[in-house]
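Enquirer: Make a model of this:
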Amino acid sequence: MDKYIDASALGQVLLASIIGGVGLVALFALGLRGLSAAQEGGRSSGYVVAGGSFAVVLAGIGLGLYAILAA
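Expert: Numbers count the residues shown, from 1 in each chain. As a prediction, this is how the structure comes out:
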């Protein structure tokens, strides 16, 4: 079975998929929650959380596009 499947590469792809798929969606949800808290409760820290979360999500999207287009 190792002759046909590279377990190391499979693990790397699985890890990247989990981070990209679940991690970025969770960060986006955290950003929306922070934005909601800032608008409803008047907490300015919500804007900081939202801005940071959205910045990381945009960086992840940019990295993904760079990886695809550079190939």
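Enquirer: Would you point out which residue is most central in the protein?
Expert: What sits nearest the mean C-alpha location of the chain, by CA atoms, centre = their mean, is L24, with 2.0 Å.
Enquirer: Let me see the ranges of the helices in this structure.
Expert: 7-18, 24-41, 44-70 (DSSP state H).
Enquirer: Kindly reformat these as a markdown table and extend each row with mean pLDDT.
Expert: Below are the helices of the chain laid out as a markdown table (pLDDT from 0 to 100):
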| stretch | mean pLDDT |
| --- | --- |
| helix 7-18 | 90 |
| helix 24-41 | 92 |
| helix 44-70 | 92 |
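Enquirer: ranking these by burial, who's on top?
Expert: Ranked by mean neighbour count, these are led by helix 24-41 with a mean of 15 (mean count of other CB atoms under 10 Å). For the C-beta atoms, the positions are set from N, CA and C on the backbone; glycine is no exception.
Enquirer: Give me the distance between that one and the centre of its chain.
Expert: Distance of helix 24-41 from its chain centroid, counting by CA atoms, centre = their mean, to the nearest Å, is 14 Å.
Enquirer: heads up, I number from 51, so please use that
Expert: Right, with 51 as the first residue, what we last looked at is helix 74-91.
Enquirer: so what secondary structure elements neighbour that helix?
Expert: Packing partners of helix 74-91 (3 or more CB pairs under 8 Å, 6 or more residues apart in numbering; DSSP states H and E): helix 94-120.
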